[in-house]
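1. no sequence on this one, just coordinates:
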Ligand SMILES: O=C(O)C(=O)C[C@]1(C(=O)O)C=C[C@@H](O)C=C1
């Protein structure tokens, strides 16, 4: 085997090792998101039953501030963290609205 081939093989096995870790992290993210949505579904039912609005902008502002700080200390782009949270919350609010509509609110 020539040096170029050996270098390529080493790079390929490093890539596969890194991808195994990425796959594990992606799986953890899916489980964490599923768990989060289970709790937000309960919040949605609670809100619908008690005539509370689906969205709570003040709570969201606190979450954004907290997550931006966490992102910064974790060396993750705070803008990305904020966009990611907004994406999730948009979906949660959609679920809350669907629950409220199904309860005729
Ligand atoms: O905490 C709430 O009141 C929720 O409904 C949950 C949640 C969230 O997903 O974190 C979603 C919508 C609200 O605007 C704020 C937060």
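-> Looks like it arrived, so ask away. All figures in this text were calculated on a predicted structure; none of them were measured in a lab.

2. identify the residues contacting residue 81.
-> 67-68, 70-71 (C-beta atoms under 8 Å, 6 or more residues apart in numbering). To be clear about C-beta, it is placed using only N, CA and C from the backbone, and glycine gets the same treatment.

3. 7 Å - rerun?
-> Contacts here follow C-beta atoms under 7 Å, 6 or more residues apart in numbering; on that basis residue 81 touches 67-68, 71.

4. residue 69: neighbour count?
-> The number of residues packed near residue 69 is 12, by other C-beta atoms under 10 Å.

5. spatially nearest residue to it, not counting backbone neighbours?
-> Once flanking residues are discounted, residue 69 sits nearest to residue 78: 8.0 Å by C-beta to C-beta, 6 or more residues apart in numbering.

6. now do the phi/psi pair for residue 77.
-> phi -60, psi 120 (degrees, to the nearest 10).

7. what degree of burial does it show, as a neighbour count?
-> Taking other C-beta under 10 Å as the criterion, the count of residues near residue 77 is 12.

8. residues near the residue lying closest to it once chain neighbours are set aside, how many?
-> Taking C-beta to C-beta, 6+ apart, and ignoring the residues beside it in sequence, residue 77 has residue 71 as its nearest neighbour in space, at 6.7 Å. The number of residues packed near residue 71 is 18, by other C-beta under 10 Å.

9. repeat for residue 28
-> Other residues within reach of residue 28 by the criterion other C-beta under 10 Å amount to 10.

10. residues from the protein in reach of the ligand?
-> On the criterion C-beta under 6 Å from any ligand atom, the ligand has as its neighbours in the chain the residues 40, 43, 55-56, 59-60, 63, 89, 92-93, 96.
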